[in-house]
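**Student:** Any chance you could fold what I've pasted below:
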Amino acid sequence: MKKLIDMSDTWYNRLRPVIESDKFKELATFIAEEKKTKTIYPSRENIFKAFNSTPFEEVRVVLLGQDPYPTEFKGEPVACGLAFAPNNPEFKPPSLRIIYNNLKDTVYKDRLTFPDDLDMRTWADQGVLLLNIGLTVVKSKAGSHIKQWEFFTEAVINTLNDSAGLIFIMWGKEAQKYKHLIDETKHYILEAAHPASSIYSGQPWKCDHFSKVNYYLSLNHNEEIHWLKNLD
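**Tutor:** This is a model prediction of the structure:
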């Protein structure tokens, strides 16, 4: 099978109608034109990394972010193709630090020691689809490509909705716009403010989603997500 983009077969076969549509060709042309005069993140090989990191059949949790980090660290893109995860683990974006602190306060509050940092790539390995609703962004312009990716994100959510028993985590109003596509009689939906909202409001980020995810997974599948895998 000849594929138009670098995406695992488990996803490509299901998304093929939208990937091979005229609308997707228009999107590809739009991004190509943008690249002529602007810097676009993430790098081309990482645009569909979320789909290559978590095969369709292994998805248990869907974490919807907004769009890739529009910044650089040491001359390289911070965005790596996984929602909220940085390309270089040395860099700790504010949102990631807030998520990490929330985990320590809600799931692992009885522990005295923790790993130095949070590696969200281990979540993808455990069936957490780290999906931004916009897969590309212009440097220094957050949200710049979200509208262009809307039709594709809708197709992804509709495909996931055909399954059953998934847990959708929606942080922020942009992610929550896709709630109407999800059948709540088949799936769990968890909503909260975007982690970065606490930076602007000066208030703690109130989110108990990590413990709720593990409660639902243990209830229905007798398993959990190891959010911090390097614990002793």
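
**Student:** Strands along this protein, start to end?
**Tutor:** Assigned by DSSP state E, the strands in the chain fall at 40-41, 61-65, 72-73, 76-77, 128-132, 137-138, 167-171, 188-192.

**Student:** Low-confidence bits of the protein, can you list those?
**Tutor:** By pLDDT under 70, the low-scoring segments of the chain are 1, 230, 232.

**Student:** Can you give me the distance of the residue of it positioned farthest from its centre to residue 231?
**Tutor:** The C-alpha centroid of the chain is most remote from residue 112, which lies 29.0 Å away (CA atoms, centre = their mean). Residue 112 is 11 Å from residue 231, where distance means CB to CB, to the nearest Å. For every residue, glycine as well, the C-beta is placed using N, CA and C.

**Student:** likewise residue 169?
**Tutor:** With CB to CB as the criterion, residue 169 and residue 231 are 22 Å apart.

**Student:** how far away is the residue lying closest to residue 210 once chain neighbours are set aside from residue 212?
**Tutor:** Of all residues beyond its chain neighbours, the one nearest residue 210 is residue 107 (4.9 Å), with distances taken as CB to CB, 6 or more residues apart in numbering. Applying CB to CB, the value for residue 107 to residue 212 is 10 Å.

**Student:** List the contacts of the residue nearest to residue 155 when sequence neighbours are not counted.
**Tutor:** Distances taken as CB to CB, 6+ apart put residue 18 closest to residue 155, at 4.1 Å, once the chain neighbours are dropped. Contacts for residue 18 were tallied using CB atoms under 8 Å, 6 or more residues apart in numbering; they are 24, 151, 152, 155.

**Student:** on that earlier part again, more crowded one of residue 107 and residue 212?
**Tutor:** A count of neighbours by other CB atoms under 10 Å puts residue 107 above the other of residue 107 and residue 212, at 19 against 15.
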